[in-house]
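> here are the coordinates; sequence isn't available:
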């Protein structure tokens, strides 16, 4: 079982819709969770981090963490074509190892 | 902000030569930096963890004698690809953690695209 799993997609949503990206992790003791965005040919950039159960909002982005279900998600409201990218979920395990998911490709259709 | 730079941003070299890639944290000190490799349309692959003042920790399957890592200061780590071959052509990315908001948040450099002819 991989430490971090994401649906590779591609996920397509129309402009203005809500994009929902999901991630599960295997180490129940994990404490830190991150979402990165990677445009084609570029390096990843940090979008959000979340440490506590519940929702964390930052502009059009909302991260949701459910430690009981070992599940973290990213919602993008009012999706824009510029949001089209690969979104990487990352987790720091109880053993202090940093793990990335394989990423979900998102396409926002104008 | 947390800025990490890499140099060069791209390099083309002949097979058999060595290539050095620098990773610098510009506005913070990083005890630990990480080196990743990414092939086209594939996910990031952690190659090694670079620790200031000590030897790097390599992931399984990564040849330490081929990918030399030196973390000479709290703001600089270098990756040297020795005797590069075409199969080493890839996108090499470094990252570093800073104290704010937490030491475990990683910020990535812009990457170095290596092409070995």
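Okay, I see it. All values derive from a computational prediction rather than experimental measurement.
> Could you list the residues of chain B in contact with chain A?
For chain B, the residues in contact with chain A (CB under 8 Å from any CB of the partner chain) are B:34, B:43-44, B:46, B:91, B:93, B:101-102, B:104-111. All C-beta atoms are positioned from the backbone trio N, CA, C, and that covers glycine.
> quick one: which of those is nearest to residue A:54?
residue B:101 (16.9 Å; CB to CB).
> just to revisit the earlier point, out of the residues of chain B next to chain A, which end up buried?
B:34, B:43-44, B:46, B:91, B:93, B:104-111 (16 or more other CB atoms under 10 Å in any protein chain shown).
> Is it possible to get TSV of the residues you listed that adds distance to residue A:48?
Shown next, in TSV, are these (distance: CB to CB, whole Å):
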residue	distance to residue A:48
B:34	20
B:43	19
B:44	18
B:46	21
B:91	24
B:93	20
B:104	14
B:105	11
B:106	13
B:107	13
B:108	15
B:109	20
B:110	20
B:111	21
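> give me the number of residues near residue 73?
In the absence of a named chain, this looks at chain A. Counted with other CB atoms under 10 Å in any protein chain shown, residues neighbouring residue A:73 total 18.
> Actually, chain B is the one I wanted.
Neighbour count of residue B:73, defined by other CB under 10 Å: 13.
> quick one: it and chain A, what's the gap?
Relative to chain A, residue B:73 is positioned 22 Å away (CB to the nearest CB, to the nearest Å).
> Quick check: phi and psi on that residue?
phi -150, psi 180 (degrees, to the nearest 10).
> Show the contacting residues for the nearest residue to it once chain neighbours are set aside.
Here the nearest residue to residue B:73 in space, its sequence neighbours aside, is residue B:52; by CB to CB, 6 or more residues apart in numbering or on different chains that works out to 6.8 Å. The contact partners of residue B:52, by CB atoms under 8 Å, 6 or more residues apart in numbering or on different chains, come to B:30, B:31, B:32, B:71, B:72, B:73, B:74, B:77.
> what residues does chain A put near chain B?
Counting by CB under 8 Å from any CB, the residues of chain A close to chain B are A:32, A:34, A:36, A:41-46, A:49, A:51, A:88, A:90, A:92, A:96, A:98, A:100-103.
> what about burial for these, which qualify?
When the residues of chain A next to chain B are checked for burial by 16+ other CB under 10 Å, the buried set is A:32, A:34, A:36, A:43-44, A:46, A:49, A:88, A:90, A:92, A:98, A:100-103.
> Now, those residues that are in strands?
Residues of those located in strands (DSSP state E): A:32, A:34, A:36, A:46, A:49, A:88, A:90, A:92, A:98, A:100.
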